[in-house]
Every structure is written in structure tokens, then in C-alpha cells.
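S.K.: requesting a structural model of the entry that follows:
(one chain, ligands or ions: 1)
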Amino acid sequence: MAVSRREGYFLKPNSIVDMEKIVALCKRRGFIFQSSEIYGGLSSVWDYGPFGAELKRNVKNAWWKTVIHERDDVVGLDTGILMHPSTWKASGHIDTFNDLVVDCKKCKKRFRPDHLKGKCPSCGGTDFTEPRAFNLMLKTYLGPIENEEGLTYLRPETAQGIFVNFLNILDTTHRKLPFGVAQTGKSFRNEITPGNFTFRTREFEQMEIEYFTHPKDAEDCHKKWIEERFNWYLKLGLKKDKLRLRAHDKDELAHYSTACTDIEYEFPFGWSELEGIANRTDFDLKQHSQVSGRDLRFQDNITNEKFFPFVIEPSGGVDRATLAFLVDAYHEEQIQGANKEENTRVVLRLSKELAPVKIAVLPLLKKNADIVTLAKKIKQDLQKDFVTVYDDSAAIGKLYRRQDEVGTFYCITVDVQSLEDKQVTVRDRDTMKQERISVDRLREYLAKQFLT
Ligand code: ATP
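M.R.: Predicted structure coming up:
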């Protein structure tokens, strides 16, 4: 018995999505869980489950491939979360990495005044304390005694790990300007109002590039990086009408930058920043030179010029990008089943590069030992080249739905007929079309699908 070739057809594609649906899918299918849930959860910290971990890793790998492997002028780096505390003095974070806060006098909750509209969002009170500065860095102590000597911070950005290694990179790679250094890693900010699921959290992951250039080329370079980074999100599947660029007004700029453009995505909660591309000038290298006493100028051996390069910084959030890819990929479709009942199919239309699982191998009858053996053998053969799962824990219709919900590209079903004709059914996630392919040709067939 071969699998029915007509599982159903589309009635109404429908992509209305709200955050409740995304949060529910993430929990149901093991993308994202609340941190420490068995203890009641830790506010605004999230854990990535099996499929979420794959997806997030794919986002970082796609970024690393594009900004390092597919270019000639950027190298990778992986620096510590803990750094010498002088780093944060030099970078300005100790003195200026502040948000303003006010406390509601009635319920004692704390808010950013720019997030208030006259009334306390929690209790409706209207009486607040005077705004005061609140430093966003998380403190920690190194060594056995908690005192000022051991005080340091969890990094609030990965960028500084790159600046303090500028000389090491120059010495070991003999780079000429312009060149960039890129890294991904965790950063921490004691955000006053975290929220919107993984969009704003206190622990998050960044993907940052510091691109060093001659000051006269900085403006041009800034423009190019804005375009490059915008196209990266498009290439990985975000819808064009959900993405936009927003240049910062002068009064929004950080103290170190002369220009910044954000790439924004239209989430269900509104247009919000995915990545900022800033012209950081020579601020950081100058500051670190001054505080460390080491000369961080670049020496041009042809012109003999010695100067501080300018820095263009494309700085994105891994969690925010992952959330945008999830939201954008989420689709609900009304389909008609074999006995004409309508039901909703939830499908994640993630790109081939990002889909956490590429192939699922499903036995049609799990009680038939020969089918199970063949299915497991196919899985073992394919998993060397593609992320492949095996599942026999439900009836085939349910197994398809589960795979659709995590964005698995192809489902391969092994049935009784497969044992005779050595062919299996390959089902396409998006069209739900099914094709019989001979087991011998499977690898070649799939390789072609994933390379085009
Ligand atoms: P926002 O204005 O949203 O607070 P920002 O402008 O302070 O962000 P940057 O300092 O430019 O953010 O950080 C670079 C990137 O790091 C952001 O574009 C975002 O993707 C990510 N990021 C920053 N803060 C957080 C956070 N609290 N949670 C998740 N991601 C974050």
C-alpha cells in the first residue's frame, strides 16, 4: 500500500500571526521554553529547546558563512564574556551606559519614563519619583572575596572583545585596511522593561562585526554595510514588505557614533530593531589607547601614515533574528483531508538553510518490522549529509503535521510497497506534493534539492 498521493489541497492560505500563537508553537514543538520553569520561571530569560537550538545555530552559521567565509576581508574571533574592568571604563559603559528610571509611588514598580504615558501601566497611579540614571551592566565578582578589587561586569556587548584584540589581530593576520573582525556571543543588560518574548531579554546573543577603515572611506563603507546586511535578511527569507531601514536622528545616536541606521522588522507588536549599523568613528580605539597606554593606531607601510581607523559596526541580535524568522515563517492554512473535513495546517516556511530539520523519515506501519528496518536504514544513510529525524510515534497524518510545524523540508515515508519496489514517498513541505523516488537515488535527489 503506497501513501495516498493526494493528502489534501489548499483552501485558504492565511498568514495572520500573533505573538500568542508563536509562543504556543515554540513551547508545543520544543523551540523555546521559559527558563527554570519548574521553579515558576525566571522572568525574561528563555531556553532554546531541541528545534530552537538547531534554528538558532543555523542563524549564526548562516551569518558566519556570509560575513566571514564568503568574504576576503573579515576574520572571526571568540572572546570572553568577562573582561578586565578597565575595558568598561575606557568604553564609557561605566559612566554612560544608563537608562533613566522612575518608580511608581503607589505600587513601587519601576519603569523607563519614555515608556510611560502619564499613568502607571501596572496600577494606574500617576505619582512617580524623579527620573534617575540606572546602569544597565550586570555586576559580578571574581575571586573568593566580594569587594571592589574583584568587581567586574558581564559584557553588555561583544564589540569590546574585538577592540581590545585589535593589535593581536593585526600582528597575527597582517591585515591591511579595510578589514573586519566578527564574533557572536552572549551579552547581558539589566533591562528595566524586558518583554515581547525573546525580543528584549537580560541575557541575549549578539552577532557583531567591527569593520576598520580609513576615516575618509567610512561614510561609503557605512552605506555598503547597510545594504549588505539588509540583503542578508532578505536572502534568508524575510518578506521584503516586513523589513525597513530607519536612520537615527542626531539626538538618538550613542555618544560614540556619528550615524546609525537600524534594520527593522514588523513584528506583531510593531516595527522593531533587528540590527543597528553604526559609524563608531575612532572612539573605541582612541579610548583604549589612552586607558591602556598601548598605541592602537594603524601603520600604513606604503604611505607611512599612522592613524586611528574608523569603525563601521553592524550589530545584530541572534535572538531577535531567530524570532523574526519564526514569525515570518509561520503560516496557517485551511486544508481538506481525505474524508473532506477541513482542518488547519500550521506550517513553518523556513528557508532551506534555516530549517532545523531537513528530512524526516516516517514508517507508515510501525508494527511491520521490515518497514521499520528500512526506514531506520534510510535515516542512518541520510543523516551523514542532512539533519534527519526518524519518528514512528503517531499515525502518518499526525506525523506530517508535526513536521510541518517545525518546518521540516521533506518527509520520506516507507510503506509496504517500498519493500517490493524499493521506492519511497517524498513529500514536499510547502506544496504537499508527493513523489515516489527509488531508495538508491534518494541521496542524489535530496542533494539536488538542497543545493538549488
Ligand atoms: P534597543 O534600542 O532595542 O534597546 P539597542 O539599540 O540598545 O537596542 P544595540 O546596543 O545596538 O541595541 O545592540 C545591538 C543589537 O543587539 C540590537 O540590534 C539587538 O538585536 C540586540 N539586542 C540589544 N539589546 C537586546 C536585548 N535586551 N535583548 C535581545 N537582543 C538585544
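S.K.: just to check, N58 is in contact with V357?
M.R.: No: checked against CB atoms under 8 Å, the pair N58 and V357 is beyond contact range at 10.4 Å. The way it works is simple: take the backbone N, C-alpha and C, and place the C-beta from them, glycine included.
S.K.: and whichever residue of the chain sits closest to the ligand, what does it touch?
M.R.: For the chain, the residue positioned closest to the ligand under CB to the nearest ligand atom is G317, at a distance of 2.3 Å. Listed by CB atoms under 8 Å, 6 or more residues apart in numbering, the contact set of G317 reads F204, E205, Q206, M207, L274, E275.
S.K.: give the buried residues for stretch 174-188.
M.R.: Applying a neighbour-count criterion of 16 or more other CB atoms under 10 Å, one finds R175, P178, F179, G180, V181, A182, Q183, T184, G185, S187, F188 buried in stretch 174-188.
S.K.: my guess is the first one contacts N168. True?
M.R.: No: under the criterion of CB under 8 Å, R175 lies out of contact with N168, with a separation of 11.5 Å.
S.K.: the closest residue to R429 other than its chain neighbours: neighbour count?
M.R.: Once flanking residues are discounted, R429 sits nearest to F409: 5.3 Å by CB to CB, 6 or more residues apart in numbering. Other residues near F409 come to 22 when the count uses other CB atoms under 10 Å.
S.K.: try I68
M.R.: The local packing of I68 (other CB under 10 Å) involves 18 other residues.
S.K.: helix, strand or coil for it?
M.R.: Assigned state for I68: helix (three-state reduction, DSSP: H, G, I helix; E, B strand; the rest coil).
S.K.: that one against V75, yeah?
M.R.: Yes: checked against CB under 8 Å, the pair I68 and V75 is within contact range at 6.7 Å.
S.K.: need the overlap of contacts for these two.
M.R.: When CB under 8 Å, 6+ apart defines a contact, the residues bordering I68 and V75 alike are A182.
S.K.: next SSE downstream of the top helix by length along the chain?
M.R.: In the chain, assigned by DSSP state H, the helix with the most residues is helix 218-235. Following the chain from helix 218-235 toward its C-terminal end, the next helix or strand by DSSP states H and E is strand 243-247.
S.K.: please identify the buried residues of that next one?
M.R.: Going by neighbour count (16+ other CB under 10 Å), the buried part of strand 243-247 is L243.
S.K.: quick one, that strand and helix 218-235 angle?
M.R.: With axes from the mean of the first three to the mean of the last three CA atoms, to 10 degrees defining the directions, strand 243-247 sits at 160 degrees from helix 218-235.
S.K.: heads up, I number from 442, so please use that
M.R.: Sure thing, new numbering starts at 442, so read that last one as strand 684-688.
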